[in-house]
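Trainee: Pasting the sequence and the predicted coordinates here, then a few questions.
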Amino acid sequence: MKTGRLEAFTDGVVAIAITIMVLELKVPEDGSLAALAERVPILLAYVLSFINVGLYWNNHHHLLQATTRIDGRVLWANLFLLFWLSLVPFVIRWLDASDFSPVATASYGVVLGMAAIGYSLTERAIIACGGGDSAVARAIGTDRKGKISLALYALAIPVAFILQWLSIVLYVLVILLWLVPDRRIERILEE
């Protein structure tokens, strides 16, 4: 199969997730700076989540640019990824409602970590479909960034029960790893 429908469906799910995230933000009770200041933590969680979802979309776009064909394994792996990304609006609502409780903060990491696993499964399914010498296989290589990301999520989840702020710092570190689009794929495409 070609990648067009998969790309279009992924784009739609990502757009809906981002839209739901912003629609769920509660506006301040009044027009004061103090009221706005009360909303800053959830606004920052929204920014963090927007960037996370955007990074997945961006890197997914790069990944599919290097993909020549897909099969059922790729479709299911991608659905697994999209399922977890679709839970991001829920978990940031929970962060807000629970005042960043340890369980909600850890759950945020579980959702992001499972999305990372979904992305990795999608990569692996694409490689299995295209072969070990495909452009994606050459670009991904050992996937050091992916493994580091998963390790940071695995660390951040239990840390959330002790120091929520440190857990959030670890989530931000994962973002910093991926902030620049995946140059591995761009390099292979330029060849």
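Mentor: Thanks, I have the structure now. Computed from a predicted model, the values in this text were never measured in an experiment.

Trainee: low pLDDT regions in the chain?
Mentor: 181-182, 189, 191 (pLDDT under 70).

Trainee: Can you tell me the number of residues neighbouring the residue lying closest to residue 184 once chain neighbours are set aside?
Mentor: Using C-beta to C-beta, 6 or more residues apart in numbering and skipping the chain neighbours, the partner closest in space to residue 184 is residue 139 (4.3 Å). Just so you know, the C-beta spots here come from the backbone N, C-alpha and C atoms, and that holds for glycine as well. By the criterion of other C-beta atoms under 10 Å, residue 139 has 22 neighbours.

Trainee: ok, now how distant is residue 139 from residue 28?
Mentor: Per C-beta to C-beta, to the nearest Å, residue 139 is found 45 Å from residue 28.

Trainee: before we move on, back to that, helix/strand/coil for the residue nearest to residue 184?
Mentor: Following DSSP: H, G, I helix; E, B strand; the rest coil, the label given to residue 139 is helix.

Trainee: For this protein, which helix extends over the most residues?
Mentor: helix 33-65 (DSSP state H).

Trainee: Could you list the buried residues of that one?
Mentor: 39, 42, 45-46, 48-50, 52-53, 55-64 (16 or more other C-beta atoms under 10 Å).

Trainee: now do stretch 135-150
Mentor: By 16+ other C-beta under 10 Å, the buried positions in stretch 135-150 come out as 135, 136, 137, 138, 139, 140, 143, 145, 146, 149, 150.
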